[in-house]
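1. Fold the following for me, if possible:
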Amino acid sequence: MAFTLDTPLGELLDHPQARPIIDKYVPGLVESPMVGMLKGMTINMVLSMPQAIQLGITKDKAEQMLAEVNKRLG
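-> Numbers count the residues shown, from 1 in each chain. So this is what the prediction gives:
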């Protein structure tokens with residue numbers, strides 16, 4: 001199953017191989033105190049929050065990250 005913008009962030013974080021890719025595109029997110037709150041949200045939901053900009057998450061970055069994750073896990 002490919003990850004999409006409608007995938008809950010927690011599902012993506014559950015894959016150990018995806019974590020370094022997430023950290024590459026959004027440094028610090030994996031260790032952020034906010035990650036617990038964000039795990040149940042889809043990536044699209046996270047993108048709609050003002051905090052996404054503070055964390056450095058943009059739609060372009062999320063799409064690039066997902067493409068790399070899907071390529072690596074596929």
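2. Okay, S48 and P20: tell me how far apart.
-> Distance from S48 to P20, counting by CB to CB, to the nearest Å: 26 Å. Glycine gets a C-beta too; all of them are placed from N, C-alpha and C.
3. Give me the helix or strand of this structure that scores worst on average pLDDT.
-> When the helices and strands of the chain are compared on mean pLDDT, DSSP states H and E, helix 51-55 comes out lowest with a mean of 83.
4. if we look at that helix, which residues are touching it?
-> 26, 28-29, 32, 34, 46, 58 (CB atoms under 8 Å, 6 or more residues apart in numbering).
5. Just give me the closest of these to M65.
-> Nearest to M65 among those, counting by CB to CB, is V26 at 7.2 Å.
6. Surely V26 and M65 touch.
-> Yes. When contacts are counted by CB atoms under 8 Å, V26 is listed as touching M65 (7.2 Å).
7. what helices or strands is the helix ranked longest in the chain leaning on?
-> Determined from DSSP state H, the single longest helix within the chain is helix 59-73. If you count contacts as 3 or more CB pairs under 8 Å, 6 or more residues apart in numbering; DSSP states H and E, helix 59-73 packs onto helix 19-25, helix 43-47.
8. among those helices, which is nearest L73?
-> Judging the helices and strands packed on helix 59-73 by CB to CB, what sits closest to L73 is helix 19-25, at 9.3 Å.
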